[in-house]
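> Quick one, fold the following:
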Amino acid sequence: MKDTIFIGGLCAIILLVGAGLYFFEPEYAPARTVGTVAFTSIAEGQYANQLDTRTNYRIETQEELDTLWTLIHGTTRPALPVVDFEKNEVLAVFNGSHASGGYSVKVLEVVDSELLRTVHIEHRSPDESCVTTSVETSPYELIELPKMRQGLRLAHTDTEAVLACR
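Numbers count the residues shown, from 1 in each chain. Predicted structure coming up:
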């Protein structure tokens, strides 16, 4: 009889602990945010000085941002954006080099899932009816957003859009 009471009591304790863990997430558990991630565009332009290929960068430190800022603007650069790298990071997207104006790049959305942060990027080009400058351009955008949680991977989707000028 004592064994039955002991085993029954042990089962009750295990069930209570399990229910507590199921319904009340411990403080040490990492956040499992799933959905759209808020971000802010901190810089964009038409002339990324030394970055003429379609590429993307994840910037996690002030030093990395300073290096990238020099690649974009050269030695005559504007003031560096202020970013709190304790909480945030920067994603930089580049559209590559084009023989004329009218091109741009834009981050449309950032979405976190259980295992992946996906950045949705739109590469824009002018349609044939557009009057554009005949100067070489290399469009870019930098966004600031919350740091990715541990274990999340970074991915991107690229879409092409032709913008009408008529």
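> for residue 127, what are its contacts?
Contacts for residue 127 (C-beta atoms under 8 Å, 6 or more residues apart in numbering) come out as 162, 163, 164, 165. Just so you know, the C-beta spots here come from the backbone N, C-alpha and C atoms, and that holds for glycine as well.
> Now do the phi/psi pair for the second one.
Backbone torsions of residue 163, given as degrees, to the nearest 10, read phi -100, psi 130.
> for residue 62, same thing?
phi -60, psi -40.
> what's the burial count for the closest residue to residue 138 other than its chain neighbours?
Take residue 138 and drop its neighbours on the chain: the residue closest to it by C-beta to C-beta, 6 or more residues apart in numbering is residue 48, 4.4 Å away. The tally of other residues near residue 48 (other C-beta atoms under 10 Å) stands at 24.
> now swap in residue 60 and tell me
Neighbours of residue 60 under the rule other C-beta under 10 Å: 14.
> okay but it is in contact with residue 91, surely?
No: counting by C-beta atoms under 8 Å, residue 60 does not reach residue 91; the two are 10.3 Å apart.
> rewinding a little: what is the nearest of the contacts of residue 127 to residue 37?
Distance to residue 37, by C-beta to C-beta, is smallest for residue 163 among the contacts of residue 127, at 25.9 Å.
> how near is that closest one to residue 101?
Distance of residue 163 to residue 101, computed by C-beta to C-beta, to the nearest Å: 12 Å.
> anything in contact with each of these two?
Listed as contacting both residue 163 and residue 101 by C-beta under 8 Å, 6+ apart are residue 126.
> So between these two, which is more surrounded?
Neighbours per residue (other C-beta under 10 Å) separate residue 163 from residue 101, with residue 101 holding more: 17 against 12.
> Please verify my assumption that that one contacts residue 139.
No: taking contacts as C-beta under 8 Å, residue 101 lies outside contact range of residue 139: 9.3 Å.
> Mutual contacts of the two, please.
residue 46.
> need the strands for the protein, in chain order.
Here the chain has its strands, by DSSP state E, at 35-36, 40-45, 54-59, 88-95, 104-112, 116-126, 140-146, 153-163.
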